[in-house]
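> give me a model of this one.
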Amino acid sequence: MKHSAIADEPRLTPPDAVTDASFLDLRGVSKHFGPVRAVDGVDLQIARGEFFSLLGPSGCGKTTLLRMLAGFEYPTTGEIRVDGADMSAVPPNHRPTNMVFQNYAIFPHLDVGQNIAYGLRRDRLPKADKDARVRDILEMIKLPGYADRRAHELSGGQRQRVALARALIRRPKVLLLDEPLGALDKKLREEMQIELRELQESLRITFVFVTHDQEEALTMSDRIAVMSGGKVLQVAEPHELYERPSCAEVANFIGTMNFAEATVCGREGEWTVVEARGLGTIRALAGSSVDTSPGAKVIVAVRPEKLSLSAQELMTAEAGRHSVSGSIAAAAYLGDRSHYFVKVEGLEKPFAVAAQNVDRSVEGWLSSGVAVRIGWSEDALVLLPPG
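Numbers count the residues shown, from 1 in each chain. Below you'll find the predicted structure:
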C-alpha cells in the first residue's frame, strides 16, 4: 500500500514517541440532566495513540461522556484536557477531535469524494491538495477509485469506511466513535473490527470507542472502561478485565460468569479458603479489594470455559478435590461449542459449562437429567466483593 500523506502529518506522534499516559485527561467529570446524573464523577487518563473503549449497557453514560469529549455537551462539573489544553468549554469545531456516528451521516446528494472532503471546506486548500488527500485516504480505507460513487451505491461496510475517512481527513488528535459498527451484520462487523484496529495502529491516533458489545471491546481495545449508572467501575486491559474483574457487576457484564456466595474460613499461603454455597470448602485467589479476614462474605466466580464435565463414576479421587456433583438441566448446541447448564444442590441457578465440540458428534451421555461432576483447577476460581 502506498504510504499515506496522513501518516506523514507532523501532528501525529510516531509509535516510538507515544509515552504520554494522560494525553486525554478527565478529572471529576459529571453531567446532570435535572435530577438525573448521566455521568457521575468520572476520572480517566487515556494515553496518546491508545485504542480506548467505553463499555456498558444502554443508559450507563458512555455516549454522554463521548459527547462531552466532542463538545456537543458541556460538563456540569469537572475538567476535560486534550494534550494539556482545557477543553471543558471549547465548542466542537475548535477541538482537536472528530466523531464517527452509528448512522454514518453520509450525505446522499454528494459523491464519496465530496463526502470525505466535506470536513476540509473551511481549510481553503487548493483543489489539487484536497484531491490528493482524498485519494490517499481512499487507498488507506481500501476504497481506491470510489471517489465518484454515490451513497446509494455503497454497502454498509463501505459507508462505514467513508464516514471514517471523512473524520480522519482533518487529522484530529482524538477520534471519537459512537458504536460505528452497530448497524453491520455479524460477519462484516468482525471484519471491520480488524480493519479499524489496523487503521488505528498505522495512524497512532487516539481512538475513544463506545460500544455495548463485550466481544467487540475485548477484540479491539488496548484498555477498557466498564461503566454503570454514570460511574466507571473498572479500567483495565482486556485480559485483566476478563480474568480478574473487580466486582460481580463487571464480571457479569463481561461474558458469562458463574457465582456462588461464600464465607472466608482462613488463608493457606496465597490461597483464601472459603466455605461456598453448593461447592463446599474450596480454595481460590482473591483480588486486592476483597476482604479475606475470617468470617468475611465474598463471592466465588468462575467462567464457563474454565469448568469441565465428567461422568460421575469416572471422576478420580484427586480430581474430586476440585469438583462438585450435579445433573444436566439443559444443553445448547452452538456449532463450534456446546453450553451445558448443570443443576447443583444448594445453588439457585444452574452452573454454565462451555465445551468445545472437538468430535463431529456431540450426541451421547450429556443429556438432560444425567448425573455429572463439574471440575476445575484452583486458579480458575476468583473471589469478588459481595454485592
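
> work out for me the element residue 263 sits within.
strand 258-268 (DSSP states H and E).

> report all helices and strands that that strand contacts.
helix 248-253, strand 271-276, strand 297-302 (3 or more CB pairs under 8 Å, 6 or more residues apart in numbering; DSSP states H and E). C-beta coordinates here come from the backbone N, C-alpha and C atoms, glycine included.

> just checking: what are the partner strands of it?
Taking DSSP bridges as the criterion, strand 258-268 sits next to strand 271-276 (antiparallel), strand 297-302 (antiparallel) in its sheet.

> now do the last one: everything it contacts.
Contacts with strand 297-302, where a contact means CB atoms under 8 Å, 6 or more residues apart in numbering, come from 245, 248, 251, 257-264, 272, 274, 276, 279, 282, 284, 286, 290-292, 376, 380-386.

> please export the C-alpha coordinates of it as PDB.
Output of strand 297-302 as PDB, limited to C-alpha atoms (Å, rounded to 0.1, in the frame of the first residue of the first chain):
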ATOM      1  CA  LYS A 297     -18.600 -12.500  53.000                       C
ATOM      2  CA  VAL A 298     -17.300 -13.000  49.400                       C
ATOM      3  CA  ILE A 299     -18.500 -14.300  46.100                       C
ATOM      4  CA  VAL A 300     -16.800 -17.200  44.300                       C
ATOM      5  CA  ALA A 301     -16.800 -16.600  40.500                       C
ATOM      6  CA  VAL A 302     -15.700 -18.900  37.600                       C
END
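
> picking that back up, to residue 195, which of the strands paired with strand 258-268 lies closest?
Of all the strands paired with strand 258-268, strand 297-302 sits nearest to residue 195, with 34.2 Å by CB to CB.

> could you chop the chain up by domain?
5-248, 256-384 (automatic domain parsing).

> what are the ranges of the strands in the stretch 151-300 of the chain?
Using DSSP state E, counting those that start in this stretch, the strands of the stretch 151-300 of the chain run over residues 174-178, 206-211, 223-228, 231-236, 258-268, 271-276, 280-286, 297-302.

> so the fourth one versus strand 223-228, what angle?
Strand 231-236 and strand 223-228 are oriented at 160 degrees to each other (axes from the mean of the first three to the mean of the last three CA atoms, to 10 degrees).

> now strand 231-236: buried residues?
Across strand 231-236, burial judged by 16 or more other CB atoms under 10 Å covers 231-236.

> same for that strand, what does it pack against?
Against strand 231-236 (3+ CB pairs under 8 Å, 6+ apart) you get strand 36-46, strand 223-228, helix 248-253.

> in a strand, residue 117, correct?
No. Using DSSP: H, G, I helix; E, B strand; the rest coil, the secondary structure at residue 117 is helix, not a strand.

> hang on, it packs against residue 134?
Yes. Shown here, residue 117 and residue 134 form a contact pair, counting by CB atoms under 8 Å, at 5.4 Å.

> need the residues touching each of these two.
Counting by CB under 8 Å, 6+ apart, the residues touching both residue 117 and residue 134 are residue 169.

> buried only: go through the contacts of strand 297-302 for me.
Neighbour-count burial (16+ other CB under 10 Å) applied to those gives 245, 248, 251, 257-262, 264, 272, 274, 276, 279, 282, 284, 286, 290, 292, 376, 380-385.

> how about the domains of the chain in TSV, adding mean pLDDT?
Converted to TSV, the domains of the chain look like this (pLDDT from 0 to 100):
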stretch	mean pLDDT
domain 5-248	88
domain 256-384	86
